[in-house]
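Student: output the structure for:
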Amino acid sequence: MKTAIWLYLFLFVAFFDLHAQYPILTPFALSLGAAPSFIGLMMGLYSITHLPGNLIAGYSVDRFGSRLFIVFSLLLAGVILLLQSQVTNPWQLLVLRSISGFVLAFLSPACMAMLAKMARNQLEQGKLMAGNGVVHNLASVVSPAAGAFLVAQIGFTQAFYLLGWILIVVSLCALLFLRNDADSPAPSEPMSHTEAKSKATRPATIPWLLYSLPVAMACAQGILSFELPLMAFKSGGLMTTGLLFSLVSLGSLITLSMFFLNRYSPYYRSIGGAVVLALTYFLMAAHHELPLSVMLLMLGMAKGVIFPALSSLLIELSGGQRYGRTFSILSIAFSIGAFAGPLLAGQFRELISPYFIAFLVLMAAIIILPFHRNQAVSARTHFT
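Tutor: The predicted structure is shown next:
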């Protein structure tokens, strides 16, 4: 568990650093002369360049362990931020953000695989995944407002420069204090040769369309990440943007802290959270009388239910094998959705509310999911 504590500490600093950029990237791009459609393209390319990194990470993490890729990802992301502090036009920012998307694609699969390998059973895996969610959201509650405050005090250039050096220092600490997990066995009970062979085939039983939900969630989040800074920047400035993003993370932290939810089926938790998420986006599209702050808190609470439920469901269906590949596919699903979201919002925001697009995408994923529940149950029954 000592390694888990170090990993949580590094993840907190890394997530804090990365989320601090969310409310300031759009205003920074606008200050360079970028149009909203260009910003949508930039955010989309950042996500789509995750894909080759996710594909490489899936096989490499299983073979070589997580430590190397965590250090590599954080170090290069820090160097890119140092270069980003010196950009003078939107195209330079576009190139650097695209490269950043590739190098950061290794971070999530590597961390999730390392956490999964630390546990001795599925109960411990669930606790470690929940801990990852808590650390992530603790960092993201305060970091958007902190990033906005930082820019207000020292400007864009110095803010990116400082954030870059923080990531570089964290990467060097990870190199010193994290041990490699390439040889760590996946948690399992003693079993016969036939059972072992059966279990090894389980990763192939995960229904591909089960990943429709993370695609839809990331698409909706991409729309929010594109739309919210534009709206808030026009009305309230950087501090307002940072506080609004912090509200979403605070909502996630509330439901992540409700540990009793882990007693319920991860499938039904995913469905329930997705329904609430979709309905909240519908209320935002309809300009409902509810305050924006309340709706953002609801969005965060729904996400706090879905994320650990999805991780638990995938771990269960993976059969305790090939965690790197399982979580890399999950990251790919998030990357595809995060690419589509800002692109759709940038192109169609004059014709239709981007929040209504988020509602439609989420509802489509919810309609598909019940069929996959049957497939997943059939697959598990077949191999047990």
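Student: not counting its neighbours along the chain, what's nearest the residue nearest to the spatial centre of the chain?
Tutor: By C-alpha atoms, centre = their mean, the chain has its centre lying nearest to Phe334, at 6.9 Å. Excluding the flanking residues, the one nearest Phe334 by C-beta to C-beta, 6 or more residues apart in numbering is Ala218, at 4.2 Å. From N, CA and C alone the C-beta is placed, and that goes for glycine too.
Student: average pLDDT for stretch 154-162?
Tutor: Stretch 154-162 carries an average pLDDT of 87.
Student: and if you look at stretch 117-127?
Tutor: So the average pLDDT for stretch 117-127 ends up being 68.
Student: what do you get for stretch 47-56?
Tutor: Here the average pLDDT along stretch 47-56 is 80.
Student: CA atoms only: put that stretch into CSV for me.
Tutor: Coordinates of the C-alpha atoms in stretch 47-56 are reproduced here as CSV (Å, rounded to 0.1, in the frame of the first residue of the first chain):
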residue,chain,number,x,y,z
SER,A,47,-8.4,14.2,-27.7
ILE,A,48,-8.0,12.4,-31.0
THR,A,49,-4.2,12.3,-30.6
HIS,A,50,-4.9,10.3,-27.4
LEU,A,51,-5.8,7.3,-29.7
PRO,A,52,-2.3,6.2,-30.9
GLY,A,53,-1.0,6.7,-27.3
ASN,A,54,-3.8,4.6,-25.9
LEU,A,55,-3.2,1.9,-28.4
ILE,A,56,0.5,1.8,-27.6
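Student: what's in contact with it?
Tutor: When contacts are defined by C-beta atoms under 8 Å, 6 or more residues apart in numbering, stretch 47-56 is touched by residues 98-99, 101-106, 109, 218, 222, 328-329, 331-332, 334-339, 342.
Student: ok, the residue nearest to Phe334 touching Ile332?
Tutor: No: contact criterion C-beta atoms under 8 Å: Ala218 and Ile332 do not qualify, at 10.2 Å.
Student: report the helix or strand with the lowest average pLDDT across the protein.
Tutor: Every helix and strand in the chain was compared by mean pLDDT, DSSP states H and E; the lowest is helix 193-200, with a mean of 43.
Student: what sits against the residue nearest to the centre of the chain?
Tutor: Ser47, His50, Pro214, Val215, Met217, Ala218.
Student: secondary structure element holding it?
Tutor: Phe334 is part of helix 323-348, with elements assigned from DSSP states H and E.
Student: Pro27 too?
Tutor: Using DSSP H and E, Pro27 falls in helix 22-31.
Student: against which helices or strands is that helix packed?
Tutor: helix 36-48, helix 90-104, helix 122-177, helix 212-235, helix 238-256 (3 or more C-beta pairs under 8 Å, 6 or more residues apart in numbering; DSSP states H and E).
Student: so what's the gap between it and the chain middle?
Tutor: 20 Å (C-alpha atoms, centre = their mean, to the nearest Å).
Student: thanks a lot, catch you later.
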